[in-house]
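Undergrad: coordinates for the following, if possible.
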Amino acid sequence: MASHCRQLYTEMLEWIVSPDAQTRTNYTGTLQSLLDLWQKDPVSPWHGLSLNSRRTFAYGIRVLQSYNFTGRRIDRLTGQNLRRWHSVIMQPPGYVGPPLKRKADIAVRELLKAVLIFGMEISIAECGQLQAVLSVMRFKAPKLTKDERAAAMKTKSPMTYEHAEKIVRLAIEKSKLKTPKRSRWGERPELRFRSIALGVAAQFEFTLRQIDVIGQWEPIKRFAPQGAIVAGRNWWRPGLRFEDIGELLQLPTSKTDTDVVFDPNEYPLFQLALSAVPEDERKGPLCITNDRLPFQSRYYADVFRQVATEAGVPEEIWNARARHGGLTEGYEAIVEKHGDGSAAIDDLRFHGQHADIETTFGHYIRSGAKATTRVARARVASRTKKDSA
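TA: Residues are numbered from 1 along each chain as shown. Got it, this is the predicted structure:
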């Protein structure tokens with residue numbers, strides 16, 4: 001027994017000085033050590049997350065670190081601790097303004113759920129216990145005042161067809177101008193404006209997410225996929241390409257990774273934008289800058305806002321709300337033709353690339369006064385029938 005112990009002790013000392021031990025991240029019981037392990041373990045699900053998800057979680061980690069919450073031991077945390085964290089992040093001391101609920105949700109509800117599930121995966125008992133508590137907790141924001149609620153609603157205004165059409169038509173007109181400065185390509189049309197027309201039309205008509213239209217630049221880890229567009233140390237994860245647009249448009253979506261199929265000929269606003277592109281130029285990414293490279297998302301948003309402002313579209317109409325506007329328009333059209341209980345409503349879920357109709361209605365449909373007007377008219381009609389009976 002003694003000799004076996006000495007052998008194990010010797011192996012331990014050898015392991016301590018080995019490269020494997022020096023580069024390994026250890027779990028010490030703190031939240032920070034679990035976060036480090038989650039990001040560095042070679043088989044961690046962290047590496048399978050999309051770039052946007054990693055950025056969101058990295059932001060949540062910075063938020064928790066700014067309050068020194070990551071130094072706490074997981075086995076000593078309770079649901080009340082998590083609720084206090086959420087409250088403090090949502091309304092920091094001295095902060096005046098609407099509750100920062102999205103920020104608090106990312107840091108506490110979403111980030112902790114993901115990292116605790118990873119802890120369960122590597123058999124850390126306290127992670128399972130805390131995740132069981134977190135999974136049944138509900139976090140609510142304080143009630144807003146009337147003015148705060150009105151300000152918040154402005155940021156949720158969906159794009160209407162009238163907004164989208166104004167932007168598309170103006171962007172097409174602006175695309176006919178020549179770039180003022182010379183470049184290696186010489187004078188050429190303003191490709192960025194033409195791309196805004198195509199992008200807004202595709203988002204509104206096909207109810208696609210912006211990332212599914214313009215794609216996304218991501219860092220090259222080991223090597224870029226074969227045939228990928230590369231700029232510096234980044235490669236373009238494809239969005240829509242002209243090659244995708246034939247008699248049918250079939251593409252996988254970024255969030256659900258399921259295929260959705262459209263007939264481009266049934267969407268006149270998209271056909272209007274497409275008609276501005278000469279046949280011989282219909283190849284490669286749908287949305288490109290004047291340098292003929294796919295957009296960075298921030299630059300795309302800046303060019304969109306420039307065109308939208310010139311077109312008279314209010315600032316609270318964001319490019320990201322084009323998808324919401326398309327789905328809202330679809331819902332109103334279906335209700336008007338088929339009624340609210342129609343099976344055609346499920347077509348709206350498919351069009352929006354959602355797994356369930358609750359997501360479509362909970363986050364994307366903004367009926368506004370039309371829904372209440374239908375109820376009011378139905379009520380008045382029922383009174384008329386009673387009076388005549």
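
Undergrad: hmm, who's touching stretch 114-125?
TA: Under the contact criterion CB atoms under 8 Å, 6 or more residues apart in numbering, stretch 114-125 has outside partners 27, 31, 34-35, 37-38, 41, 44-46, 57, 74, 126-128, 130-131, 134. For every residue, glycine as well, the C-beta is placed using N, CA and C.

Undergrad: now with 6 Å?
TA: Applying CB atoms under 6 Å, 6 or more residues apart in numbering, the contact partners of stretch 114-125 are 34-35, 38, 127-128, 130-131.

Undergrad: state the pair within those residues that is farthest apart.
TA: Spanning the widest gap among those are L35 and G128, at 17.0 Å by CB to CB.

Undergrad: comparing those two, which residue is more hemmed in?
TA: For L35 and G128, the more surrounded residue by other CB atoms under 10 Å is L35, and the numbers stand at 24 against 14.

Undergrad: what sits against the more buried one?
TA: 61, 115.

Undergrad: quick check on it: phi, psi?
TA: Per-residue torsions, L35: phi -60, psi -40 (degrees, to the nearest 10).

Undergrad: ok, it to L51 distance?
TA: Distance of L35 to L51, given as CB to CB, to the nearest Å: 18 Å.

Undergrad: could I get the phi/psi values of L293?
TA: With angles defined as degrees, to the nearest 10, L293 sits at phi -110, psi 150.

Undergrad: next one, pLDDT for R184 please.
TA: Note for R184: predicted pLDDT of 51.

Undergrad: where does pLDDT dip in the protein?
TA: Low-confidence segments of the chain (pLDDT under 70): 1, 11-25, 144-156, 178-189, 253-258, 337-380, 382-383, 385-389.

Undergrad: burial check on D263, number of neighbours?
TA: Neighbours of D263 under the rule other CB under 10 Å: 9.

Undergrad: burial of the nearest residue to it once chain neighbours are set aside, as a residue count?
TA: Using CB to CB, 6 or more residues apart in numbering and skipping the chain neighbours, the partner closest in space to D263 is L248 (5.9 Å). Applying other CB under 10 Å, we find 11 other residues in the vicinity of L248.

Undergrad: same deal with L269?
TA: Using other CB under 10 Å, L269 has 20 neighbouring residues.

Undergrad: what does N68 give?
TA: 9.

Undergrad: which ones are touching A301?
TA: N319.

Undergrad: likewise for the one 5 residues further on?
TA: Q306 sits next to no residue when contact means CB under 6 Å, 6+ apart.

Undergrad: measure it to Q271 for me?
TA: Distance of Q306 to Q271, given as CB to CB: 24 Å.

Undergrad: then S33?
TA: To Q271, S33 is 56 Å away according to CB to CB.

Undergrad: list the buried residues of stretch 92-111.
TA: By 16 or more other CB atoms under 10 Å, the buried positions in stretch 92-111 come out as 98-101, 103-111.

Undergrad: narrow those to those in helices?
TA: The helices, defined by DSSP state H, take in 101, 103-104, 111 from the buried residues of stretch 92-111.

Undergrad: quick one: residues contacting P99.
TA: Going by CB under 6 Å, 6+ apart, P99 touches 90-91, 141-142.

Undergrad: now flag whichever of those residues is closest to F206.
TA: Comparing these against F206 with CB to CB places A141 closest, at 32.9 Å.

Undergrad: what about the helices in the stretch 251-389 of the chain?
TA: Under the criterion DSSP state H, counting those that start in this stretch, the stretch 251-389 of the chain contains helices at 268-274, 297-310, 322-338, 345-351, 357-363, 369-388.

Undergrad: what's the third one packed up against?
TA: Secondary structure elements in contact with helix 322-338, counted by 3 or more CB pairs under 6 Å, 6 or more residues apart in numbering; DSSP states H and E, are helix 191-206.

Undergrad: check which element follows the helix it packs on along the chain.
TA: helix 210-214 (DSSP states H and E).

Undergrad: give me the contact list for that next one.
TA: With CB under 6 Å, 6+ apart as the test, helix 210-214 has contacts from 199, 202-203, 239-240, 253-254, 287, 295, 300, 320.

Undergrad: one more time with 8 Å
TA: 52, 199, 202-203, 239-240, 251, 253-254, 285-287, 294-295, 297, 300, 319-320, 322-323.

Undergrad: again, but for stretch 62-80
TA: Outside stretch 62-80, the residues that reach it (CB under 8 Å, 6+ apart) are 29-32, 34-35, 61, 81, 85, 88-89, 103, 106-107, 111, 116, 119, 124, 126-127, 130, 133-134, 137.

Undergrad: what are the ranges of the strands in the chain?
TA: Remark: strands assigned in the chain by DSSP state E are 216-219, 230-231, 234-237, 249-252, 259-262.

Undergrad: in its sheet, what does the fourth one sit against?
TA: It stands for strand 249-252. The pairing partners recorded for strand 249-252 under DSSP bridges are strand 259-262 (antiparallel).

Undergrad: with just CA atoms, put the strand it pairs with into PDB.
TA: Taking C-alpha atoms only, strand 259-262 is exported to PDB below (Å, rounded to 0.1, in the frame of the first residue of the first chain):
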ATOM      1  CA  ASP A 259     -35.000  25.300 -44.100                       C
ATOM      2  CA  VAL A 260     -37.700  27.800 -45.200                       C
ATOM      3  CA  VAL A 261     -38.900  28.100 -48.800                       C
ATOM      4  CA  PHE A 262     -40.200  31.200 -50.600                       C
END
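
Undergrad: mark which of the contacts of stretch 114-125 are buried, thanks.
TA: By neighbour count, with 16+ other CB under 10 Å, these hold 34-35, 38, 127, 130-131 as buried.

Undergrad: out of these, the closest to D259 would be?
TA: Nearest to D259 among the buried ones among the contacts of stretch 114-125 is W38, at 31.0 Å by CB to CB.

Undergrad: contacting residues around that closest one?
TA: Neighbour list for W38: 44, 46, 114-115, 118 [criterion: CB under 8 Å, 6+ apart].
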